[in-house]
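Colleague: the following comprises the amino acid sequence and a computationally predicted model.
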Amino acid sequence: MTSESVQIETAQQSTPAQQFAQLFSATRRGARLARLLAVEQLVAWGWPRDGERTDAAALVVAELAANAVMHGRLDGRGFRLGLALLPSGRLRIEVTDPRGECLPAASREAVEGGRGLIIVNALAADWGVQPCLPAGKTVWAEISATRKTSGDTLSVIA
Ligand SMILES: Nc1ncnc2c1ncn2[C@@H]1O[C@H](COP(=O)(O)OP(=O)(O)O)[C@@H](O)[C@H]1O
Ligand SMILES: [Mg+2]
């Protein structure tokens with residue numbers, strides 16, 4: 001590979017200036033690229049590059065993308081990252097992978113396993129999993145319009 005840009009399998013650019021969606025290869029490099037492009041999109045929407053919400057969104061994208069690559073991967077298939085600014089001011093992050101039969105813990109109170117979903121749970125105002133027909137699933141998370149007061153939770157994972 002000569003450039004990270006070749007990791008992008010197909011691209012679907014936004015409609016108005018409030019939505020973004022793109023497919024990435026199901027590799028660690030694809031997951032890294034998803035995080036980088038998410039930050040670039042947020043900056044293009046006027047978010048400060050080093051802002052708390054930008055950092056939170058980048059971390060959530062990184063964890064969900066890593067999970068899509070590690071747990072939701074099917075040979076020859078990529079994962080999709082979607083970003084949308086909701087009328088409420090929340091940022092909705094969606095990561096879709098092709099393994100619909102294999103679900104992460106959907107309960108926000110019953111996150112088990114590694115740190116990834118604990119981080120998502122701490123940073124997101126809400127998150128969950130929904131089927132993506134005909135096969136696959138979307139893990140989504142919403143970043144609050146205002147800072148989430150989760151200092152206690154975050155100190156647990158620091
Ligand atoms: N996209 C996914 N597809 C299938 N299973 C998942 C996905 N994301 C998370 N999981 C499940 O939830 C568990 C917890 O995820 P996470 O907290 O990120 O920990 P880790 O990735 O370190 O195992 C994973 O071990 C896996 O069993
Ligand atoms: Mg993980």
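Modeller: It's in. Numbers count the residues shown, from 1 in each chain. Ligands and ions are numbered 1, 2, ... in the order given.
Colleague: distance of Ala124 relative to Val69?
Modeller: To Val69, Ala124 is 19 Å away according to Cβ to Cβ, to the nearest Å. C-beta here means a position set from N, CA and C on the backbone, and glycine is covered the same way.
Colleague: looking at those two, which is more packed in?
Modeller: Just comparing Ala124 and Val69: by other Cβ atoms under 10 Å the higher neighbour count belongs to Ala124, 27 against 23.
Colleague: check contacts around that one.
Modeller: Contacts of Ala124 were listed using Cβ atoms under 8 Å, 6 or more residues apart in numbering, and they are 60, 141-144, 148.
Colleague: which parts of stretch 128-148 are buried?
Modeller: Buried residues in stretch 128-148, defined by neighbour count with 16 or more other Cβ atoms under 10 Å: 132, 136-144, 148.
Colleague: make CSV out of the residues you listed and add distance to ligand 1, pLDDT and secondary structure.
Modeller: Shown next, in CSV, are the buried residues of stretch 128-148 (distance: Cβ to the nearest ligand atom, whole Å; pLDDT from 0 to 100; DSSP: H, G, I helix; E, B strand; the rest coil):
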residue, distance to ligand 1, pLDDT, secondary structure
Cys132, 11, 87, coil
Gly136, 10, 94, coil
Lys137, 7, 95, strand
Thr138, 9, 96, strand
Val139, 6, 96, strand
Trp140, 11, 96, strand
Ala141, 12, 97, strand
Glu142, 17, 97, strand
Ile143, 17, 97, strand
Ser144, 21, 95, coil
Lys148, 18, 59, coil
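Colleague: which two from the residues you listed end up farthest apart in space?
Modeller: Gly136 and Lys148 (28.3 Å; Cβ to Cβ).
Colleague: distance from the helix of greatest length in the chain to the middle of the chain?
Modeller: As assigned by DSSP state H, the longest helix anywhere in the chain is helix 52-70. When distances are taken as Cα atoms, centre = their mean, to the nearest Å, helix 52-70 is centred 5 Å away from the chain's centroid.
Colleague: show residues contacting that helix.
Modeller: Helix 52-70 has contacts (Cβ under 8 Å, 6+ apart) with 24, 26-28, 30-32, 34-35, 38-39, 42-43, 47-48, 79, 81, 91, 93, 95-97, 104, 116-117, 119-120, 123-124, 139, 141, 143-144, 147-148.
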